[in-house]
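**Student:** no FASTA, just this:
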């Protein structure tokens, strides 16, 4: 059974940085795509970034491109989201997600089968 456990959230001032971690277990993830989504109060869950575990290829939402970096560590079975130049509008609960890889990396939340419990990120102005 796939388990995803996020950590690393917290309160940071605008312009600051945080690194989120997603510890994955229960599978060999070489055939998976991993993603980060976020959900702010009163808003729908939105795609942030995704990575193909085997190739390391990545996709980013336009709103975070150039500021956030997704990566993975195969030895630790962990996916990271390095968030720099944070803005108040980045405030949300951040979720890690996983799915068996398809032809392309997808960015729709409904396509992902496994989810973590989420970690809160709050950016103060």
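**Tutor:** It's in. Just so it is clear, the structure is predicted and the values come from calculations on it, not from any experiment.

**Student:** how many neighbours does residue 110 have?
**Tutor:** When neighbours are defined as other Cβ atoms under 10 Å, residue 110 has 7 of them. Any C-beta I mention is one placed from the backbone N, CA and C, and that applies to glycine too.

**Student:** any idea of the pLDDT on it?
**Tutor:** You'll see residue 110 listed with a pLDDT of 96.

**Student:** Just say helix, strand or coil for it.
**Tutor:** At residue 110 the chain is in helix, as set by DSSP: H, G, I helix; E, B strand; the rest coil.

**Student:** quick one: it from residue 103, how far?
**Tutor:** From residue 110 over to residue 103 the distance is 17 Å, taken as Cβ to Cβ, to the nearest Å.

**Student:** need the contact list for the residue nearest in space to the middle of the chain.
**Tutor:** Taking Cα atoms, centre = their mean, the centroid of the chain lies closest to residue 36, which sits 2.1 Å from it. The contact partners of residue 36, by Cβ atoms under 8 Å, 6 or more residues apart in numbering, come to 20, 22, 48, 49, 50, 70, 79, 81, 94, 95, 96, 97.

**Student:** Just those residues: which are in strands?
**Tutor:** 20, 22, 48, 49, 50, 70, 79, 81, 94, 95, 96, 97 (DSSP state E).

**Student:** Show me which of the residues you listed is closest to residue 28.
**Tutor:** Comparing the ones in strands among the contacts of residue 36 against residue 28 with Cβ to Cβ places residue 79 closest, at 14.4 Å.

**Student:** Neighbours of residue 28, how many?
**Tutor:** For residue 28, using other Cβ under 10 Å, the count is 9.

**Student:** circling back: turn the contacts of residue 36 into CSV, including pLDDT and neighbour count.
**Tutor:** Converted to CSV, the contacts of residue 36 look like this (pLDDT from 0 to 100; neighbours: other Cβ atoms under 10 Å):
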residue, pLDDT, neighbour count
20, 98, 24
22, 98, 26
48, 98, 24
49, 98, 25
50, 98, 24
70, 98, 22
79, 98, 29
81, 98, 26
94, 98, 23
95, 98, 23
96, 98, 27
97, 98, 22
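
**Student:** I am finished for the moment; much appreciated.
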